[in-house]
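Colleague: I would like to see how this sequence folds:
(one chain, ligands or ions: 2)
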Amino acid sequence: MSVDRRGLLIILSSPSGAGKSTLARGMMEWDPSLSFSVSATTRKPRKGEEHGREYYFHNHDEFRKIVDDDGMLEHAEVFDNFYGSPRAPVETAIKAGRDVLFDIDWQGGQQVRNSVLGKHTLSIFILPPSITELERRLRSRGQDTDEVISNRMQKSRDEISHWPEYDYVLVNDNLDVTAEKLKTIISAERLRISQQPNLVETVRVLNSEFEDRK
Ligand code: ADP
Ligand code: 5GP
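Modeller: Residues are numbered from 1 along each chain as shown. Ligands and ions are numbered 1, 2, ... in the order given. Alright, predicted model coming up:
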């Protein structure tokens, strides 16, 4: 199958609560052709989360079996649970020229960048405007216990330390402004030479037109 452009693997990472899931949802509304990589996890579902929509919820044995069968593009232990990106849907989308959006931590980001698809990754790190605001957002989500929130706050410094590994860093102060910046980045990165497999053919046709004019 010939496609007009190659799919990008778009990685969003941030400390928990900085807003990457909210931004990811916004990007899916902006461009429904984006494919969201639904991760697998051993964490328990939060209220309102559905198997197959936010995550595929598995127990440890099920998760381990998928990893052993090479079914994960990447996986990592985050906040005492396992998380991973199932490989097959990503490969299908990329082959069809569709971009895939990942909401994963820095460990997953490193693994995807180092994978065979690494050349086609675009990685964006989201920072909170302040640590006080990060904690406020985690609490305002109203989904996690005090213990979970304090565990996540403790690990946020470590997550933030990985910002230089990313292609872009955005401070998510005003949500609409950040979403607009994200759209700009994605739109521009889609035009990179490495994402346009048909350029060789386009230029070949232009050159043959030159020849015809001789
Ligand atoms: P993450 O996926 O990074 O853990 P979420 O997207 O779940 O974070 O956001 C955490 C909370 O902060 C949510 O309640 C969300 O609505 C809110 N939020 C996200 N971005 C902003 C922003 N720019 N300003 C204020 N609140 C925000
Ligand atoms: P949450 O439990 O709040 O949904 O996610 C916790 C953390 O796990 C977030 O930093 C999120 O980005 C990360 N995460 C979610 N899915 C994956 C995944 O498939 N792989 C990796 N490496 N991290 C993930």
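Colleague: From now on I want contacts and neighbour counts done on CA atoms only, so please keep to that.
Modeller: Noted.
Colleague: Show me the residue at the heart of this protein, geometrically.
Modeller: With distances taken as Cα atoms, centre = their mean, the chain has residue 102 as the residue nearest its mean C-alpha position (2.1 Å).
Colleague: Isn't that residue up against residue 10?
Modeller: Yes: with contact defined as Cα atoms under 8 Å, residue 102 and residue 10 form a contacting pair (6.0 Å).
Colleague: where exactly do the strands run in this structure?
Modeller: Taking DSSP state E, the strands of the chain run over residues 9-13, 35-36, 39-41, 55-57, 72-78, 81-86, 100-103, 121-127, 168-171.
Colleague: among the ones you listed, which is nearest ligand 2?
Modeller: Closest to ligand 2 of these, according to Cα to the nearest ligand atom: strand 81-86, at 3.3 Å.
Colleague: what lines up beside the closest one in the sheet?
Modeller: strand 39-41 (antiparallel), strand 72-78 (antiparallel) (DSSP bridges).
Colleague: Wondering if it reaches ligand 2 at all.
Modeller: Yes: Strand 81-86 comes into contact with ligand 2 (Cα under 6 Å from any ligand atom), by way of 83-85.
Colleague: which of the residues in that strand are buried?
Modeller: 82-86 (16 or more other Cα atoms under 10 Å).
Colleague: Stretch 61-69 now?
Modeller: 63, 66-67.
Colleague: and which of those is nearest ligand 1?
Modeller: Checking the buried residues of stretch 61-69 against ligand 1 by Cα to the nearest ligand atom gives residue 63 as the nearest, at 21.8 Å.
Colleague: Intersect the residues of strand 81-86 next to ligand 2 with the contacts of ligand 1.
Modeller: Answer for the residues of strand 81-86 next to ligand 2 near ligand 1: none qualify (Cα under 6 Å from any ligand atom).
Colleague: Using CSV, lay out the residues you listed together with pLDDT.
Modeller: Converted to CSV, those look like this (pLDDT from 0 to 100):
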residue, pLDDT
83, 98
84, 98
85, 98
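Colleague: nearest to residue 57, of the residues you listed?
Modeller: Nearest to residue 57 among the residues of strand 81-86 next to ligand 2 is residue 83, at 9.6 Å by Cα to Cα.
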